[in-house]
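Engineer: Mind looking at a prediction? Sequence and model below.
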Amino acid sequence: MALNSTLSVAVLSGKGGVGKTNVSLNLACALYQAGFKALLMDCDLGLANLDVLLGITPEGNLQNALLGEAALSEVLYPVEPEGFDVLPAASGVPELTEMSPDIRDLLLQRLEPVLGNYDYIFMDLGAGISETVQTFAAMAAARIVVITPEPTSLTDSYALIKVLHNRFGMRDFMVLVNQVASPGEAQASFEKLDGACRHFLHLEPVLLGHVRNDNKLPEAVCRQQPLMRFAPGCPAARDLQSLAARLQRIRLGMADWLAARKILQTVPQ
């Protein structure tokens, strides 16, 4: 059996509106532009919106694959040729939002044949601490928690980390500070979350980096294009390129550990 080199990343947030889906989309796009193959899974199974951000109308989605109505390879949507695909989700399907053990096991069974085709798997999760969010977060090899400087984002992100730590014993969290005016603001926001995690949970999250506020981002959303394609030279895009490069260094550093595990792991309920 070939050794695994694919890094699966769950992208999480304590609250909505912090730009998590845009971060997931553009990180995947930046890595594709750097020569890596990426799959972006819309794992917000209740309120799927990646298709809206991309301006696409996929013919199939994750629900069709789970129900056996289509092969998973048939519902993957190529955002870019040969290397950047999206797995769309269905909206408003209660059976998927609750992620029972049977659904989870079926999902892993359907996904397994295609995951190894990619260097990165990004899982764009819904906000909050639902059962589905917790399950996907535990299945992934790495977790990025997206925060903003808003106090509510910090408190909700701490609650998310606490739940995952208490339930699964997780101690490894990367933090990305989005929508900041400066690197100093990003550092200050991270230090507040870091302080709470150290003091109450005795764990140390890692600052992955930040993305600056940028007028080009809402323009890209309105044009239904990834920022990395719409304005690759803007400040936020340069930040995302730096984040992608750091993630690649992290992936290389995890090579031996990744080789010994499945891309997505079954987790205890």
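Structural biologist: Yep, that arrived. Numbers count the residues shown, from 1 in each chain.

Engineer: Around residue 183, how many other residues sit close by?
Structural biologist: The number of residues packed near residue 183 is 13, by other CB atoms under 10 Å. The C-beta positions use only the backbone N, C-alpha and C, and glycine is treated the same way.

Engineer: what about it, distance to residue 210?
Structural biologist: In this view, residue 183 and residue 210 are 6 Å apart by CB to CB, to the nearest Å.

Engineer: got it, and residue 35?
Structural biologist: Counting by CB to CB - residue 35 and residue 210 are separated by 24 Å.

Engineer: how about the residue nearest to the spatial centre of the chain, secondary structure?
Structural biologist: Residue closest to the mean C-alpha point of the chain, counted by CA atoms, centre = their mean, is residue 11 at 2.7 Å. Assigned state for residue 11: strand (three-state reduction, DSSP: H, G, I helix; E, B strand; the rest coil).

Engineer: Just grab the bridge partners of residue 207 for me.
Structural biologist: residue 175 (DSSP bridges).

Engineer: can you offset everything so residue one is 355?
Structural biologist: Let's use 355 as the start, then, which means that last one is residue 561.

Engineer: re the thing from before, quick check: closest non-adjacent residue to the residue nearest to the centre of the chain.
Structural biologist: Excluding its sequence neighbours, the residue lying closest to residue 365 (CB to CB, 6 or more residues apart in numbering) is residue 378, at 4.5 Å.

Engineer: Could you tell me which residues make contact with the one you found?
Structural biologist: Residues near residue 378 by CB atoms under 8 Å, 6 or more residues apart in numbering: 365, 394, 476-478.

Engineer: do residue 601 as well
Structural biologist: Taking CB under 8 Å, 6+ apart as the test, what residue 601 contacts is 361, 363, 381, 385, 474, 562.

Engineer: in the stretch 355-504 of the chain, which spans are strands?
Structural biologist: 361-366, 392-397, 431-434, 438-441, 474-479, 496-501 (DSSP state E, counting those that start in this stretch).

Engineer: out of these, which comes closest to residue 468?
Structural biologist: Distance to residue 468, taken as CB to CB, is lowest for strand 392-397 among those, at 7.6 Å.

Engineer: With just CA atoms, put the closest one into PDB.
Structural biologist: Extracted C-alpha coordinates of strand 392-397, given in PDB (Å, rounded to 0.1, in the frame of the first residue of the first chain):
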ATOM      1  CA  ALA A 392      -6.200  20.300  -3.800                       C
ATOM      2  CA  LEU A 393      -9.700  19.100  -3.100                       C
ATOM      3  CA  LEU A 394     -12.100  21.500  -1.300                       C
ATOM      4  CA  MET A 395     -15.000  19.800   0.400                       C
ATOM      5  CA  ASP A 396     -18.000  21.800   1.400                       C
ATOM      6  CA  CYS A 397     -18.700  20.300   4.700                       C
END
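
Engineer: Mind giving me the packing neighbours of that strand?
Structural biologist: When contacts are defined as 3 or more CB pairs under 8 Å, 6 or more residues apart in numbering; DSSP states H and E, strand 392-397 packs onto helix 374-387, helix 404-408, strand 438-441, strand 474-479.

Engineer: Centre of the chain to the shortest one, how far?
Structural biologist: Its chain's C-alpha centre lies 13 Å from the corresponding centre of strand 438-441 when counted by CA atoms, centre = their mean, to the nearest Å.
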